[in-house]
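Student: Here is a sequence together with a model predicted from it:
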Amino acid sequence: MKKKILLLILFAVSYNLNAQWEKVYSNSTWANGASLYTHKNVLFQTGYGNNTNQTLRSGDNGTTWTDISSSFPYTVYFILSYGNTVFAVTTTLGTTQYSFYASTDDGLTWAEKSNIVRGSGNGAILSMASDGNNLFCVSNRRSIYKSVDGGSTWTEIIINYSGTSGILSFAVSGNTYFAVLEGVGCVVSTDAGLNWTLKNGTSSIGVIYKLNNDVWGTAGFSGIYKFNLSTNSWENNYTPGSFNLPISIGANGNNLISTFGDFLTGNRKYYSSYNNGESWTELTTDVIGLSNSILSNYAVTANSSYFFAEYWKSTGGVISYSIYRLPTATTTYMEDAKEFPNSFVLSQNYPNPFNPTTTIEYALGIPGMVKIIVYDILGREINTLIDEYKVAGNYQVKFNGSSLSSGIYYYSLVTDYNRQTKAMVLVE
């Protein structure tokens, strides 16, 4: 009896939504490091162009924008949403004082909350973070600063990991702190910054984000990872292809969005997830994905109504910078599925390998038309196991491969809002 080499292959197949990206802002001066932030349903942009920095605000999902640069005496480097308050990190070139401006009316008016005069060797303070309770600001050398009183006062914490030369990114979840160090990758402290341990994925973590209740990291061609606080390790990595580099991850509520740059073409691909990153669906790309050279770590975000993404390209020295939005309405109805264990899950068949029958389990968070389709290794359709309307719940279906030769086959779960595919191995 001849057996094929047993392989376990797990991958997701993208599914394009019908909605299109809509351009809601553009200019011809901003650099490709411009950043996009969300506070509740208010948007902020910060960017550099024409030898000056600007900060813009939109309270109507990007339809109109107001220049609020005059609200700050200094350059705004970072904006953070913190409960009902939004913070801005500011300073002026050549000084050692960094000021934190706060707004309690969603960015309409601002006032200085506090400031820090950085110590010797601590570098610039260019970002902020929060665990939902405490505030943090981060230098680009060796120190982080913690505030337990909403940003009024700050206590310095020095990262004592050997060889620390620069902090590139920082996030926090309770007493677990994450810092990406230049030339090192990610170090993690589980005792609120006292001791640090190197924790990378398959590749070194480059940028970290606290999104909803999870900590995410980008890791070059290895894609994006989510950190498992129980196992103290990076897990659930996702990448859409071999030559795709993660650019940015953003979220608001249950709307999670990521963007990848194609290393070979420079184009961008956009993905959303509604089950905390267990599976991803490709969003429509159309014009925003083509020749997009945006490099910002904060190039995408979302609110309850839209996904937002930045676009940048330079042709013959002429800059084109834009903000696009895409409605989340096509998929936000999955909020209604919270009482179910998962909104959309396709499980690995069992047994696998199998001969001649196997069981495929799947779960639906909302009702709708469902198909389970089996394909051969060339992508030809072999059998449709399910093609009918299903209510929300957990299901299983049997597949009998007695009429097929041994080898690798694929099975897809297809609904109106997602598609997933996995591999199974039939042996003789």
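Tutor: Great, that's in hand.

Student: okay, the closest residue to residue 239 other than its chain neighbours: pLDDT?
Tutor: Nearest non-adjacent residue to residue 239, counting by C-beta to C-beta, 6 or more residues apart in numbering: residue 223, 2.9 Å away. For every residue, glycine as well, the C-beta is placed using N, CA and C. Listed pLDDT for residue 223 reads 93.

Student: Is it correct that residue 223 is in contact with residue 241?
Tutor: No. Taking contact to mean C-beta atoms under 8 Å, the distance of 9.3 Å between residue 223 and residue 241 leaves them out of contact.

Student: Output the below-cut-off pLDDT ranges for the stretch 51-200 of the chain.
Tutor: 93-94, 121 (pLDDT under 70).

Student: In terms of neighbours, single out the busier of residue 223 and residue 241.
Tutor: residue 223 (23 against 12; other C-beta atoms under 10 Å).

Student: Now the more buried one. Its backbone dihedrals?
Tutor: Residue 223 adopts backbone torsions of phi 90, psi -140, taken as degrees, to the nearest 10.

Student: distance of the closest residue to residue 204 other than its chain neighbours from residue 232?
Tutor: Take residue 204 and drop its neighbours on the chain: the residue closest to it by C-beta to C-beta, 6+ apart is residue 185, 3.4 Å away. Counting by C-beta to C-beta, to the nearest Å, the separation of residue 185 from residue 232 is 15 Å.

Student: try residue 53
Tutor: 39 Å.

Student: same check, this time on residue 162
Tutor: In terms of C-beta to C-beta, residue 162 sits 20 Å off from residue 232.

Student: These two: which is more packed in?
Tutor: Remark: of residue 162 and residue 232, residue 232 carries more neighbours, 12 against 8, as counted by other C-beta under 10 Å.

Student: Would you confirm that that one contacts residue 189?
Tutor: No. Look at residue 232 against residue 189 with C-beta under 8 Å: they stay out of range, at 10.9 Å.

Student: I figured the residue nearest to residue 204 hits residue 202, correct?
Tutor: No. Judged on C-beta under 8 Å, residue 185 makes no contact with residue 202 at a distance of 11.2 Å.

Student: about what we covered before: contacting residues for the residue nearest to residue 239?
Tutor: Applying C-beta atoms under 8 Å, 6 or more residues apart in numbering to residue 223 gives the contacts 237, 238, 239, 240, 244, 246, 260.

Student: Would you format the residues you listed as a markdown table with secondary structure included?
Tutor: Converted to a markdown table, the contacts of residue 223 look like this (DSSP: H, G, I helix; E, B strand; the rest coil):
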| residue | secondary structure |
| --- | --- |
| 237 | strand |
| 238 | strand |
| 239 | coil |
| 240 | coil |
| 244 | strand |
| 246 | strand |
| 260 | strand |
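
Student: and the nearest residue to residue 371 once chain neighbours are set aside, how many residues sit next to it?
Tutor: Excluding its sequence neighbours, the residue lying closest to residue 371 (C-beta to C-beta, 6+ apart) is residue 414, at 4.3 Å. By other C-beta under 10 Å, 20 other residues sit near residue 414.

Student: Tell me the bridge partners for residue 414.
Tutor: residue 371, residue 419 (DSSP bridges).

Student: Now for it: which residues touch it?
Tutor: Applying C-beta under 8 Å, 6+ apart to residue 414 gives the contacts 15, 370, 371, 372, 373.

Student: Ok, residue 349 next?
Tutor: Contacts for residue 349 were tallied using C-beta under 8 Å, 6+ apart; they are 358, 359, 360, 399, 411, 422, 424.

Student: Got the phi and psi for residue 44?
Tutor: Per-residue torsions, residue 44: phi -130, psi 140 (degrees, to the nearest 10).

Student: so it makes contact with residue 25?
Tutor: No. Using C-beta under 8 Å, residue 44 makes no contact with residue 25, being 12.0 Å away.

Student: thinking again about what came up before, pull the most distant pair out of the contacts of residue 349.
Tutor: Using C-beta to C-beta, the two most remote members of those are 359 and 422, lying 12.9 Å apart.

Student: who's more crowded, those two?
Tutor: Applying other C-beta under 10 Å to residue 359 and residue 422 shows that residue 422 carries more neighbours, namely 21 against 14.

Student: and the closest residue to residue 307 other than its chain neighbours, how many neighbours?
Tutor: Distances taken as C-beta to C-beta, 6+ apart put residue 326 closest to residue 307, at 4.5 Å, once the chain neighbours are dropped. Neighbour count of residue 326, defined by other C-beta under 10 Å: 23.

Student: Wait, a strand at residue 326?
Tutor: Yes. Residue 326 forms part of a strand when assessed by three-state DSSP.

Student: how much space between it and residue 61?
Tutor: Plainly put, residue 326 is 11 Å away from residue 61 if you go by C-beta to C-beta.

Student: Run through the residues that contact the most centrally placed residue in the chain.
Tutor: Nearest to the mean C-alpha position of the chain, by C-alpha atoms, centre = their mean, lies residue 249 at 2.4 Å. The contact partners of residue 249, by C-beta under 8 Å, 6+ apart, come to 209, 211, 216, 218, 224, 256, 257, 258, 259, 300.

Student: Where does it sit: helix, strand or coil?
Tutor: Residue 249 falls in the strand class when you classify it by three-state DSSP.

Student: roughly how far apart are it and residue 271?
Tutor: Per C-beta to C-beta, residue 249 is found 10 Å from residue 271.

Student: Next, the spatially closest residue to residue 287 that is not a sequence neighbour: phi, psi?
Tutor: In space, and not counting its chain neighbours, residue 287 is closest to residue 21: 6.8 Å by C-beta to C-beta, 6+ apart. Note on residue 21: backbone dihedrals following degrees, to the nearest 10 are phi -70, psi 140.
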